[in-house]
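Colleague: Predicted model follows, preceded by the sequence.
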Amino acid sequence: MHPRFDRNDYDQIYSKYFEALVAGGIVRADPSGWAHSETEVEISVPAIVSSRELAGYLIDNRNLIAARKQVILHLVERWDDTTYQYDDITLVPSISSASFAVLLLLKSLEVGSVYFETPAYYATFAQAYSIGLRTRKIPSDHSDNYEWDIGSIPRHRSNPIAIWLTQPRYGLGTNQSVSRVRALLGSIGPKDFVVVDESADQAWPTFLSDIVTNSSNHQFIRIRGFTKPLGLNAIRMAVIIHTSCWRRALREALWTVGGALDHYSLAAAVHMAQQPELFCSMLVAARHRVHTVHRRLSTLSVDQILTLSPMENGYLGSAILSWNKTHGNRTTRRNNLLEFCRELRMPVTLGAAMLFAHDNMRERIRLNYFMPASDLEFCIKGLIAYSKPFDAAQ
């Protein structure tokens with residue numbers, strides 16, 4: 001384990017503090033959760049079809065879904081304000097299957113290590129480890145505005161590497177710097193890669209759309225959550241954006257990662273893609289929700305030792321509790337916080353599970369802005385009540 005990071009103890013925390021609440025159906029608020037989210041976005045759902053239409057196998061291979069993929073391709077072009085060829089994108093049923101397929105591609109190209117900018121999605125980190133890629137976490141600190149030195153990536157290596165980013169930054173809700181991503185691309189070796197997980201990007205056009213993925217930039221791969229930024233998680237669709245030279249390898253990786261598409265999800269995605277202006281307005285509506293709830297929570301936390309991550313973009317951020325060493329050791333503070341949240345019947349996800357670097361002065365609590373606003377308000381009010389003794393001592 002990197003000395004700058006704590007062990008990801010999410011499973012142990014859930015088992016000890018929150019599993020009984022969830023199993024008993026007595027959760028009062030679930031600000032970090034995902035299972036019962038909500039959204040203002042509304043779409044029409046495809047009608048029930050005949051069993052004949054459900055008999056076929058749907059996968060982005062062998063031109064099986066060519067006509068429908070072209071419609072989605074056109075939307076992605078509008079979303080990125082650029083043009084793509086048919087083989088420049090690959091459709092998959094989820095972000096997890098997309099990241100797994102890309103990791104398999106990297107491994108096939110003899111990439112030895114994947115450097116994850118932190119905070120990061122734990123699942124992608126676990127996927128890379130599971131297929132034998134060396135995983136490295138890049139620490140980023142509050143004191144440095146979560147930036148890190150591009151020069152810290154080793155230059156002399158026996159194997160190529162990949163650097164994995166999130167846009168917007170996971171757990172922070174801040175946008176990447178376009179110039180910084182360009183500088184990163186300019187700093188890597190000829191066989192290295194930069195991969196950007198854009199699953200939460202709610203911008204139109206996408207925030208990194210100025211950095212084109214094409215034949216002259218084949219080391220840049222992006223993963224897009226088609227409906228995830230809209231809060232529509234039950235529609236299973238994601239897009240890998242890459243140069244056509246990687247299409248064959250990614251197409252074959254679909255058999256390994258379970259890349260078959262759900263009929264209704266594909267139909268819903270095509271339906272939305274046929275109306276790019278409506279899709280854009282849905283992104284705006286989702287963004288408005290996040291901004292509105294964040295503004296309300298920020299009002300509650302004014303003049304408190306509790307602060308919120310900025311939420312410039314996306315829907316996954318953090319509440320940040322600040323304390324100093326006079327408030328006891330970090331382990332005691334953390335256990336007391338978890339016990340307090342259990343008493344409130346409020347499961348939470350802490351910073352270690354989001355792969356934040358160790359910070360003795362702060363604890364992060366994940367906030368999903370697609371969870372009910374009442375859950376998020378309950379969380380912030382509860383955390384403020386918890387922090388009162390610390391606030392008074394400062």
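Modeller: Cool, the structure landed. Everything quoted here is computed from the prediction, not taken from an experiment.

Colleague: Please point out which parts of stretch 100-118 sit buried.
Modeller: By 16 or more other C-beta atoms under 10 Å, the buried positions in stretch 100-118 come out as 100-107, 111, 113-118. C-beta here means a position set from N, CA and C on the backbone, and glycine is covered the same way.

Colleague: out of these, which are inside strands?
Modeller: Mapping the buried residues of stretch 100-118 onto strands (DSSP state E) picks out 113, 114, 115, 116, 117.

Colleague: Show me what the fourth one is bridged to.
Modeller: When assigned by DSSP bridges, residue 116 has beta-bridge partners residue 137, residue 164.

Colleague: So which elements touch the helix of greatest length in the chain?
Modeller: Longest helix in the chain by number of residues (criterion: DSSP state H): helix 276-300. Helix 276-300 sits against helix 66-80, helix 263-273, strand 306-308, helix 373-393, with contacts defined as 3 or more C-beta pairs under 8 Å, 6 or more residues apart in numbering; DSSP states H and E.

Colleague: Repeat the analysis, applying 10 Å as the threshold.
Modeller: When contacts are defined as 3 or more C-beta pairs under 10 Å, 6 or more residues apart in numbering; DSSP states H and E, helix 276-300 packs onto helix 66-80, helix 263-273, strand 306-308, strand 316-322, strand 362-368, helix 373-393.

Colleague: Compare the ones you listed and give me the one nearest residue 144.
Modeller: Residue 144 lies closest to strand 362-368 among the helices and strands packed on helix 276-300, at 13.6 Å (C-beta to C-beta).

Colleague: Which secondary structure elements does the closest one sit against?
Modeller: The contact analysis (3+ C-beta pairs under 10 Å, 6+ apart) places strand 362-368 against helix 276-300, strand 306-308, strand 316-322, helix 330-343, helix 373-393.

Colleague: Give me the residue ranges of the stretch 101-250 of the chain where confidence is low.
Modeller: Scanning the stretch 101-250 of the chain with the threshold set as pLDDT under 70 gives 213-215.

Colleague: Residue 298 - how many residues pack around it?
Modeller: Applying other C-beta atoms under 10 Å, we find 14 residues neighbouring residue 298.

Colleague: now the one 5 residues further on
Modeller: If you count neighbours by other C-beta under 10 Å, residue 303 ends up with 6.

Colleague: Centre of the chain to stretch 80-98, how far?
Modeller: Centre-to-centre, stretch 80-98 and its host chain are 17 Å apart (C-alpha atoms, centre = their mean, to the nearest Å).

Colleague: Stretch 255-273 now?
Modeller: The chain centroid and the centroid of stretch 255-273 are separated by 20 Å, computed with C-alpha atoms, centre = their mean.

Colleague: any idea of the mean pLDDT for that stretch?
Modeller: Across stretch 255-273, the average pLDDT comes to 93.

Colleague: So for it, what gets flagged as buried?
Modeller: By neighbour count on 16+ other C-beta under 10 Å, the buried set for stretch 255-273 is 257, 259-261, 264-270, 272-273.

Colleague: what do you get for stretch 10-24?
Modeller: Using 16+ other C-beta under 10 Å as the test for burial, stretch 10-24 gives 13, 14, 17, 18, 21.

Colleague: Now do residue 191 against residue 157, distance only.
Modeller: For residue 191, the distance to residue 157 equals 10 Å [C-beta to C-beta, to the nearest Å].

Colleague: should've said residue 385
Modeller: Relative to residue 157, residue 385 is positioned 50 Å away (C-beta to C-beta).

Colleague: Next one: residue 392, what pLDDT does it get?
Modeller: The per-residue pLDDT reported for residue 392 equals 52.

Colleague: So what's the residue count around the nearest residue to residue 140 once chain neighbours are set aside?
Modeller: Nearest residue to residue 140, sequence neighbours excluded (C-beta to C-beta, 6 or more residues apart in numbering): residue 146, at 4.2 Å. Residues within reach of residue 146, counting by other C-beta under 10 Å, total 19.

Colleague: Relative to residue 69, which of the ones in strands among the buried residues of stretch 100-118 is nearest.
Modeller: Checking those against residue 69 by C-beta to C-beta gives residue 114 as the nearest, at 28.1 Å.

Colleague: and the closest one, what does it touch?
Modeller: 102-103, 106-107, 124-125, 127-129, 133-136, 161-164, 193, 195 (C-beta atoms under 10 Å, 6 or more residues apart in numbering).

Colleague: before we move on, what about residue 341?
Modeller: The neighbours of residue 341, taking C-beta under 10 Å, 6+ apart as the test, are 13, 17-18, 21, 29, 31-32, 347-348, 350, 365, 379, 382-383, 386.

Colleague: By pLDDT, give me the weakest of those residues.
Modeller: Among the contacts of residue 341, residue 386 carries the lowest pLDDT, at 89.

Colleague: what's the neighbour count on that residue?
Modeller: By other C-beta under 10 Å, the residues close to residue 386 number 17.

Colleague: Please indicate which of the contacts of residue 114 are buried?
Modeller: Burial by neighbour count, 16+ other C-beta under 10 Å: within the contacts of residue 114 this picks out 102-103, 106-107, 124-125, 127-128, 133, 135-136, 161-164, 193, 195.

Colleague: you'd agree residue 152 is up against residue 115?
Modeller: Yes: between residue 152 and residue 115 there is a contact under C-beta atoms under 10 Å: 9.2 Å.

Colleague: Mutual contacts of those two, please.
Modeller: With contacts defined as C-beta under 10 Å, 6+ apart, the residues adjacent to both residue 152 and residue 115 are residue 138.

Colleague: Can you list the low-confidence ranges for the stretch 251-394 of the chain?
Modeller: Low-confidence segments of the stretch 251-394 of the chain (pLDDT under 70): 324-327, 389-394.
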